[in-house]
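Trainee: got a sequence here, can you model it:
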Amino acid sequence: MSNPSRPALAPLSGMPLVFGTLALSLAVFMNVLDSSIANVSIPAISGDLGVSPQQGTWVITSFAVSNAISVPLTGWLTQRFGQVRLFITSIILFVLASALCGLAPSIEILIAARILQGAVAGPMIPLSQALLLSSYPPEKSGMALAFWGMTTLVAPIMGPLLGGWISDNYTWPWIFYINIPIGLFAAWATLSIYRSRESATRKLPIDKVGLALLVVWVGSLQLMLDKGKELDWFHSGEIVLLTAVAVIAFVFFLIWEIGEKHPVVDLSLFKGRNFSAGVIAISVAYGLFFGSLVILPLWLQTQLGYTATEAGKVMAPVGIFAILLSPVVGKLLPKIDARWVATTAFLTFALVFHMRAQFTQDVDMMTLMIPTIIQGASMAMFFIPLTSIILSGLSPDKIPAAAGLSNFVRIMFGGIGTSVMSTMWDNRSILHNAQLAEHMAPHNPAFTQAVNGLMAQGMSEQAAWAVIDRSMTVQASTLGATDLFWLSSIMFLVLIGFIWLTKRSKAAAPVDAGGAH
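Mentor: Sure, this is the predicted structure:
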């Protein structure tokens, strides 16, 4: 899936270089911002469209799944249409999809618009990096990637803050409308500078059967994960059917792709130890990380009474260390073993989730923010070394396919992480609620004392029961969330084993089609 050979392009210089870097970075900024900005706005969207916050998480997962399906097609699309043409088309379609999201009158139409948005967003991140690397001389590729990396790290900081502020002070459609001016400027600037730098194109057969099977199994799997908790999992015929379709389509997909001459996904890459172990480590870790990004703001807003802006402030500090340490990690990586850097990241993630597992319903904002600040350090040491490990030892013609496939698996795990985490949170909260309810009876002296204490403050017995019931719900929900944080902490420690299954990478690979997305 590599690009056909073409004459090497001369690097840009002066204002075209500055302007080109800005245009490409803005497109990535818009793309990554759109993922994180929706997280804190889910309660506002759900309330306005009359659905539960759990149904509202479809707004995140629908984008993640369609994005996952489109990422591995980047290689084929680039060769068919050219890098610049495909990049600009993706931006314009993304702007159009953003407008449709903002105008959506129902959750169904919003989800359909988010599916379109995710699909056209797929090629933008890998292509922005390819175009940026072609703009700088080889010896300055590290600097190019540092500029690019800063953008992908600033966006997740801005997302929760901007999303919360917009949801509290305006209406949620504006979280999508802000993409329009950014996107139009990025598309115009990219066209102005890069239209004479188009890559060579050639007609390639599209693996229609492979693509159809990919869409069927990924779509069925995600629907099964999202609808499972609503329909009581395997007690529902619909869930059993979706699971069967996903498994059968996946098996046929594997068989077809292994025998196909021009596969839509090059599965032979998994024969490499570094690729397969590295992809497992980065994907499962990303699923845990992304799942917590959804659970934490939802818990703060639905249970602890935080506004969207306050929830955004808790999530925002993740970018401080990420921005400060990324250039340092980029500079050090060629000199030290990437496996040690990735191990440090996973140990830090384990510490962060261990700290979150200590949260109670009375937690203050500073206690909430400290693990988030520390998490920024893990993010700086997470993406770059693991991508370096995954792509090390591959021939240049395999790197675009490897970047696409590793991102496909990672992004899909982000969607799976959201679904599994929210389902497990519901289940653990129900379990804790049932355990706490056993103590809510007149034969329990502590319960009787609490009711009498509230009644002494002038409440009726019914009101006192309601207050205790609400407190119990918050307590159960908090215990459910901390259970997940404990599990995530242990999982990060287990994943370190996969890092050490890889061989030492000789140098940092100069391609990372995923960034902090």
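Trainee: list the buried residues in whichever strand or helix holds Arg470.
Mentor: Counting by DSSP states H and E, the element that carries Arg470 is helix 461-499. Of the residues in helix 461-499, 464-465, 468, 472-485, 487-489, 491-492, 495-496, 498-499 count as buried by neighbour count, 16 or more other CB atoms under 10 Å. Bear in mind the C-beta positions are built from the backbone N, C-alpha and C, glycine included.
Trainee: who are the packing partners of it?
Mentor: Here helix 461-499 touches helix 273-302, helix 338-356, helix 399-437, helix 445-456, going by 3 or more CB pairs under 8 Å, 6 or more residues apart in numbering; DSSP states H and E.
Trainee: what angle do helix 338-356 and that helix make with each other?
Mentor: Following axes from the mean of the first three to the mean of the last three CA atoms, to 10 degrees, one obtains 170 degrees for the angle between helix 461-499 and helix 338-356.
Trainee: my guess is Ala119 meets Asn67, correct?
Mentor: Yes: with contact defined as CB atoms under 8 Å, Ala119 reaches Asn67; the gap is 7.0 Å.
Trainee: can you give me phi and psi for Asp362?
Mentor: Main-chain dihedrals, Asp362, degrees, to the nearest 10: phi -100, psi 10.
Trainee: Ala119 and Asn67: who's more crowded?
Mentor: Counted by other CB atoms under 10 Å, Ala119 and Asn67 do not tie: Asn67 has more neighbours, with 28 against 22.
Trainee: tell me where the model's unsure across the stretch 251-400 of the chain.
Mentor: Counting by pLDDT under 70, the stretch 251-400 of the chain has low-confidence residues at 395-397, 399-400.
Trainee: any figure for the gap between Leu487 and Met355?
Mentor: For Leu487, the distance to Met355 equals 14 Å [CB to CB, to the nearest Å].
Trainee: with Gly102 instead?
Mentor: With CB to CB as the criterion, Gly102 and Met355 are 37 Å apart.
Trainee: returning to that earlier point: including distance to Leu191, could the helices and strands packed on helix 461-499 go into a markdown table?
Mentor: Formatted as a markdown table, those follow (distance: least, CB to CB, whole Å):
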| stretch | distance to Leu191 |
| --- | --- |
| helix 273-302 | 33 |
| helix 338-356 | 37 |
| helix 399-437 | 23 |
| helix 445-456 | 66 |
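Trainee: looking at these, spot the one closest to Ile320.
Mentor: Ile320 sits nearest to helix 338-356 of all the helices and strands packed on helix 461-499, at 13.8 Å, using CB to CB.
Trainee: buried ones in that closest one?
Mentor: Buried-residue list, helix 338-356, by 16+ other CB under 10 Å: 338-339, 341-346, 348-356.
Trainee: what secondary structure does His85 sit in?
Mentor: Actually, residue 85 is Arg rather than His. helix (DSSP: H, G, I helix; E, B strand; the rest coil).
Trainee: dump the residue contacts of the closest residue to it other than its chain neighbours.
Mentor: Of all residues not flanking Arg85 in the chain, Glu198 sits nearest, at 6.5 Å (CB to CB, 6 or more residues apart in numbering). Residues counted as contacts of Glu198 (CB atoms under 8 Å, 6 or more residues apart in numbering) are Gly82, Gln83, Val84, Arg85.
Trainee: and which of these is nearest Gln303?
Mentor: Gln83 (46.4 Å).
Trainee: three-state assignment of the closest residue to the closest one other than its chain neighbours?
Mentor: Counting by CB to CB, 6+ apart, Ser199 is the residue found nearest to Gln83 once chain neighbours are left out, at 4.3 Å. Per three-state DSSP, the local secondary structure of Ser199 is coil.
Trainee: and the pLDDT for Ser199?
Mentor: Looking at Ser199, its pLDDT reads 70.
Trainee: with the one 10 residues further on instead?
Mentor: According to the model's per-residue confidence, Val209 sits at a pLDDT of 88.
Trainee: how about the strand or helix carrying it as PDB, C-alpha atoms only?
Mentor: Assessed by DSSP H and E, Val209 sits inside helix 208-228. Extracted C-alpha coordinates of helix 208-228, given in PDB (Å, rounded to 0.1, in the frame of the first residue of the first chain):
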ATOM      1  CA  LYS A 208     -14.600  -4.600  -2.400                       C
ATOM      2  CA  VAL A 209     -15.200  -7.900  -0.600                       C
ATOM      3  CA  GLY A 210     -12.600  -7.100   2.100                       C
ATOM      4  CA  LEU A 211     -14.000  -3.600   2.600                       C
ATOM      5  CA  ALA A 212     -17.600  -4.900   2.800                       C
ATOM      6  CA  LEU A 213     -16.600  -7.600   5.400                       C
ATOM      7  CA  LEU A 214     -14.600  -4.900   7.400                       C
ATOM      8  CA  VAL A 215     -17.600  -2.600   7.600                       C
ATOM      9  CA  VAL A 216     -19.900  -5.500   8.500                       C
ATOM     10  CA  TRP A 217     -17.800  -7.000  11.300                       C
ATOM     11  CA  VAL A 218     -16.600  -3.700  12.800                       C
ATOM     12  CA  GLY A 219     -20.200  -2.200  12.600                       C
ATOM     13  CA  SER A 220     -21.800  -5.300  14.100                       C
ATOM     14  CA  LEU A 221     -19.200  -5.500  16.900                       C
ATOM     15  CA  GLN A 222     -19.700  -1.900  17.900                       C
ATOM     16  CA  LEU A 223     -23.500  -2.100  17.800                       C
ATOM     17  CA  MET A 224     -23.300  -5.200  20.000                       C
ATOM     18  CA  LEU A 225     -21.100  -3.400  22.500                       C
ATOM     19  CA  ASP A 226     -23.300  -0.300  22.500                       C
ATOM     20  CA  LYS A 227     -26.700  -1.900  22.600                       C
ATOM     21  CA  GLY A 228     -25.600  -4.800  25.000                       C
END
